[in-house]
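Engineer: Sharing a sequence plus its predicted fold:
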Protein chains: 4
Amino acid sequence: MNNGGISFTSDIRVRYAETDGMRVVYHGNYLTYFEEARTNLFRTIGVVYSEIEKTGVYLVVLEAHVKYRRSAVYDDVLHVKAMLAELSSMKLTVNYEITRNNDSEILITGQTVHAFTNALSGRPIRPPKNYLELIEKYF
Amino acid sequence: MNNGGISFTSDIRVRYAETDGMRVVYHGNYLTYFEEARTNLFRTIGVVYSEIEKTGVYLVVLEAHVKYRRSAVYDDVLHVKAMLAELSSMKLTVNYEITRNNDSEILITGQTVHAFTNALSGRPIRPPKNYLELIEKYF
Amino acid sequence: MNNGGISFTSDIRVRYAETDGMRVVYHGNYLTYFEEARTNLFRTIGVVYSEIEKTGVYLVVLEAHVKYRRSAVYDDVLHVKAMLAELSSMKLTVNYEITRNNDSEILITGQTVHAFTNALSGRPIRPPKNYLELIEKYF
Amino acid sequence: MNNGGISFTSDIRVRYAETDGMRVVYHGNYLTYFEEARTNLFRTIGVVYSEIEKTGVYLVVLEAHVKYRRSAVYDDVLHVKAMLAELSSMKLTVNYEITRNNDSEILITGQTVHAFTNALSGRPIRPPKNYLELIEKYF
């Protein structure tokens, strides 16, 4: 697994709404944290996802994988690191690592795989050229 | 407040995802239970909301009110009663009461106020005639 | 309604997860934004909610009210203003106003009413003295 | 991958709250559907998760994997099939397949890996004997 692209770390504070009866973050909610971190990573390299959608293109999720090592709790400030990992003609892979403020121990790791699609037809398309150029710089 | 219209009670089992660190349902999630109960109420009288949207009409939420008397917990089977309460030319009001299986004590009460809008313009519109006729029967 | 206490405005960027099929923030999710804003307001005056819980005290929600004037959409940076509105021996009321970045138009208003409870028994209690003193300063 | 254990299919209707701005189910929410299906599977074989917790035992999530082939939309009735896939002394694996009502095409597949832990210490424990016996019957 090549994390060699570029990475960006977002600080996300855990909301009460995101915890569950075990008093930890509900396991499904890490995918939302990944989403926020991925969006911020893209923004950093000049790719604003809300602008992509306005051109009739969606970046959809093909796969999501999460490994839970330790639990985050309410009010934790999490460092969610998103790393551009792989880019092929049709797929984009992002890896994630979550640590807690002031602690280097990795709580959560994950990966999401994405494709660009035509928003109307739902069919996979090659990444729009302008976005591709911004992303390719990091590979 | 006239609950005299029609009511329908949906049974909803509390998911772990819907609880929070207090080991009760997160207070915001009752609005989702209300949504499910309201949709089922409409379906009962022949108004299928997913069909309404296909005609370019949205039923949007103008107001939401919730009173929390008792907490629901994980795995509770809740009876969520939705009651058509008021209908004017531009607004539709639905009231709610939530009880727990085998228990008549009311845990939660609430109210949502809705308007029909044109999905494209976002502007309020009169309820489409065919839906209005189905709803008016109950007033 | 007296908003004369103290207020604090939190900036919250709308996540994709928080939108719904109308391409706007799902109406129930504003209660989560209110939660984040309320927590930050308390933190500002020295009341850290995660610390309160460690003393065996919960701040529960008794009522929630939301009025939806305009919709927020994906990637909007919202300014969520939380205002300490009322304090009685048993209840605490917080009001909210949401605006969008660079725009003074109010999208959403709301109010939540809270009580302190004993975390074990669930019974209402008077606010712990140290927190009460921090809050009372603003009334 | 051995799905040879036992399976149970839960019918889950997509709520508006669970969709996102692409007008499909937000990808993270399938983990909630998996949770509901897994809980129902366990209930079918006599393992009631809410009862497990009362004995001081948690069933935590170690890994989650989802593959998204097709999107589910609002009001779809989904058939969420949960299959007991593997059981070792310390781990339990469940596989999932989601289809839409009246359609055999698989929309979503997934897998979650679980461990039993002591609710207080958070440490992994062997599955409680009574639950183990109920589960082992299917392997």
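Structural biologist: Alright, I've got the coordinates. Numbering: from 1, shown residues only, chains lettered A, B, ... in the order given.
Engineer: do the helix or strand of chain A with the lowest mean pLDDT and chain C meet at all?
Structural biologist: Of all helical and strand segments in chain A, the minimum by mean pLDDT, DSSP states H and E falls on helix A:129-136, at a mean of 91. No. Judged by CB under 8 Å from any CB of the partner chain, helix A:129-136 and chain C are separated, with a smallest distance of 15.9 Å. Bear in mind the C-beta positions are built from the backbone N, C-alpha and C, glycine included.
Engineer: before we move on, what about stretch A:22-37?
Structural biologist: Yes. For stretch A:22-37, a contact with chain C is found by CB under 8 Å from any CB, at A:31-32, A:35-36.
Engineer: Check the offset of that stretch from the chain's centre.
Structural biologist: Centroid separation between stretch A:22-37 and its chain, computed with CA atoms, centre = their mean, to the nearest Å, is 12 Å.
Engineer: what's the longest helix in chain A?
Structural biologist: Secondary structure of chain A per DSSP state H: the longest helix is helix A:30-44.
Engineer: pLDDT score for the residue positioned nearest the centre of chain A?
Structural biologist: In chain A, the centroid-proximal residue (CA atoms, centre = their mean) is A:R38; its distance is 3.1 Å. The model reports A:R38 with a pLDDT of 98.
Engineer: these two touch, right, it and A:L92?
Structural biologist: No. If you go by CB atoms under 8 Å, A:R38 and A:L92 don't touch, sitting 9.6 Å apart.
Engineer: what are the ranges of the strands in chain A?
Structural biologist: A:7-13, A:57-68, A:77-87, A:92-100, A:106-118, A:124-125 (DSSP state E).
Engineer: for the ones you listed, which one sits closest to chain C?
Structural biologist: Minimum separation from chain C across the strands of chain A (CB to the nearest CB) falls at strand A:7-13, 7.8 Å.
Engineer: circling back: hmm, the longest helix of chain A touching chain B?
Structural biologist: No. Against chain B, helix A:30-44 shows no contacts by CB under 8 Å from any CB, the least distance being 11.7 Å.
Engineer: could you give the angle of that helix to strand A:57-68?
Structural biologist: Angle of helix A:30-44 versus strand A:57-68, following axes from the mean of the first three to the mean of the last three CA atoms, to 10 degrees, is 130 degrees.
Engineer: List the buried residues of helix A:30-44.
Structural biologist: A:30-43 (16 or more other CB atoms under 10 Å in any protein chain shown).
Engineer: So which of the residues you listed reach chain D?
Structural biologist: Checking those against chain D (CB under 8 Å from any CB), the matches are A:31-32, A:35.
Engineer: between those, which is closest to A:G110?
Structural biologist: A:L31 (7.8 Å; CB to CB).
Engineer: Tell me the residue in chain A that is farthest from the middle.
Structural biologist: A:G21 (25.7 Å).
Engineer: What parts of chain A come near chain D?
Structural biologist: A:21-22, A:27-29, A:31-32, A:35, A:53, A:58, A:60-68, A:71, A:119, A:122.
Engineer: Give me the nearest residue to A:V48, chain neighbours excluded.
Structural biologist: A:F42 (7.2 Å; CB to CB, 6 or more residues apart in numbering or on different chains).
Engineer: likewise A:S7?
Structural biologist: A:M83 (4.1 Å).
Engineer: Can you name the residues bridging to that neighbour?
Structural biologist: A:S7, A:N95 (DSSP bridges).
Engineer: Now do the contacts for it.
Structural biologist: A:3, A:5-7, A:41, A:94-97 (CB atoms under 8 Å, 6 or more residues apart in numbering or on different chains).
Engineer: Give me the buried entries from those.
Structural biologist: A:5, A:7, A:41, A:94-97.
Engineer: can you redo these as CSV with pLDDT?
Structural biologist: Shown next, in CSV, are these (pLDDT from 0 to 100):
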residue, pLDDT
A:G5, 73
A:S7, 97
A:L41, 97
A:V94, 98
A:N95, 98
A:Y96, 98
A:E97, 98
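Engineer: Nothing else from me, thank you.
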